[in-house]
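Colleague: One predicted model, sequence on top.
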Amino acid sequence: MELQSSYPPPFRRPSGPAPAVAPDEGSRTTNQIQEQDPIPVVDLQRLDVEGERLGEACRAWGIFRVVNHGVPLDLLTRLRDRARRLFSLPFESKQALLVAPLSYFWGTPVLTPSGSALLGGAQGVNWVEGLNVPLGQLPLLGDGGGGGGGGDDDDEVVTAVASLRNLLQVYGVHLARIAKLLFRAMAEDLRLDPAHSKSYLSESTGFVRLYRYPHCSKAGSDMSGMEAHSDSSVLSILCQDEVGGLELYKDEQWVQVQPVPDALIVNVGDMLQAMSDDEYISVKHRVKVKKPQDRTSVCYFVFPGQDSVIRSSKYRPFTYGDFQAQVQQDVKTLGFKVGLPRFKLD
Ligand SMILES: O=C(O)CCC(=O)C(=O)O
Ligand SMILES: [Fe+2]
């Protein structure tokens, strides 16, 4: 398969020889990475005694690594491999076949509720393509995949979707379990009223985004794979490959999040920041494309229940639906998300 034909047209390399790829790029060892990286680590099997550590990580960083999470390493590896395989299929087949309940997008991660890409105008094209998968709708993806079949490439898309669906079914159950465990410990740390907080995390809202960040062949390039943003979720949980590129903003500088093979990255989203009365930080982060390889990541997002009203002393009461509608309107009219400040009390 000629990889170039799998990229959205603006991401394709002008014809000519492929640039040389340094063989050891992105292959530092886990130990070296862990020594260099200041991101807090939370052990999921010790949450009962690490609750305080978890709270500290959410207050000071808004992001942490989770280890001993119980997701087999092999599942993480296979999931990224399948995502890679799907993205390497021809662009036109992906566009034609990755249809509802899936949505295929590129150039922006912002989608309308119906799944079409929402390009705001003020921001340029993000060097990314993705697939949005609502986990609750996985059973609708029969063995026929996300669309009808035609030629060989189409059959390959259908097969790739079916095998992804099977992995995502298992992965989704693991991630819902992890989100629930973490949220329970966070709600305790924040002393949230259980009568309110029980609807603050609804597993049925979970969805997964698969991303490919195509490498950029221009030497010394520094493309924006994803603009700086905070997530609108309660929690987001990321599984990334070994290429790297995720950065978070802390103390007025960008900090690189090094890839660690068997750890997941969790970040606090806007909903949790509001629930916590701004004690926890919905961390600003972005993705940079600097390496000569494509990067693949799989991100899980989970939200409050549809009718759950978030109550806090800093914001007027709102539902996630209110928040999402405001974000969509701001992206359309201003070109960017304003987010929580829209709901802040004076
Ligand atoms: O791909 C990544 O590392 C991050 C993705 C992300 O920040 C998002 O989808 O909100
Ligand atoms: Fe994000």
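Modeller: In hand now; what should we look at? Ligands and ions are numbered 1, 2, ... in the order given.
Colleague: which bits of the protein sit near ligand 1?
Modeller: 109, 209, 211, 226, 231, 238, 240, 246, 285, 287, 297, 299 (C-beta under 6 Å from any ligand atom). C-beta here means a position set from N, CA and C on the backbone, and glycine is covered the same way.
Colleague: Could you give the secondary structure assignment for the residue nearest to the fourth one when sequence neighbours are not counted?
Modeller: Residue nearest to M226 in three dimensions, not counting chain neighbours: V287, with 4.1 Å by C-beta to C-beta, 6 or more residues apart in numbering. Under the three-state scheme (DSSP: H, G, I helix; E, B strand; the rest coil), the conformation of V287 reads as strand.
Colleague: which residues does V287 form a beta bridge with?
Modeller: M226, L246 (DSSP bridges).
Colleague: State the pLDDT value of it.
Modeller: pLDDT, V287: 97.
Colleague: same thing with L75?
Modeller: 97.
Colleague: E35 too?
Modeller: 52.
Colleague: let's have the chain start at 41 instead
Modeller: I'll keep to 41 as the first residue from here, and by that count the last item is E75.
Colleague: hang on, isn't the residue nearest to M266 packed against A268?
Modeller: No - using C-beta atoms under 8 Å, V327 makes no contact with A268, being 9.6 Å away.
Colleague: what about those two, which has more around it?
Modeller: Taking neighbours as other C-beta atoms under 10 Å, V327 and A268 compare with V327 leading, 25 against 15.
Colleague: Tell me how far that one lies from Q85.
Modeller: To Q85, V327 is 30 Å away according to C-beta to C-beta, to the nearest Å.
Colleague: beta partners for the residue sitting nearest the centre point of the chain?
Modeller: Residue closest to the average C-alpha location in the chain (C-alpha atoms, centre = their mean): C339, at 3.0 Å. Beta bridges link C339 to R249, L278, judged by DSSP bridges.
Colleague: okay, now the closest residue to ligand 1 within the stretch 41-190 of the chain: neighbour count?
Modeller: The nearest approach of the stretch 41-190 of the chain to ligand 1 comes at P149, 5.3 Å away (C-beta to the nearest ligand atom). P149 is flanked by 21 other residues according to other C-beta under 10 Å.
Colleague: do A140 as well
Modeller: By other C-beta under 10 Å, neighbour count at A140 equals 12.
Colleague: W167 is in contact with the residue of the stretch 41-190 of the chain closest to ligand 1, correct?
Modeller: No - contact between P149 and W167 fails when scored by C-beta under 8 Å: they sit 11.2 Å apart.
Colleague: quick one: contacts for H236?
Modeller: R351 (C-beta atoms under 8 Å, 6 or more residues apart in numbering).
Colleague: ok so, going back, quick one: pLDDT of the closest residue to the residue of the stretch 41-190 of the chain closest to ligand 1 other than its chain neighbours?
Modeller: Excluding its sequence neighbours, the residue lying closest to P149 (C-beta to C-beta, 6+ apart) is M266, at 5.8 Å. M266 carries a pLDDT score of 95 in this model.
Colleague: Same check on the one 4 residues further on?
Modeller: According to the predicted model, the pLDDT of S270 comes to 97.
Colleague: Equivalent analysis for P59, please.
Modeller: 47.
Colleague: what about the residue nearest to P149, how many neighbours?
Modeller: 22.
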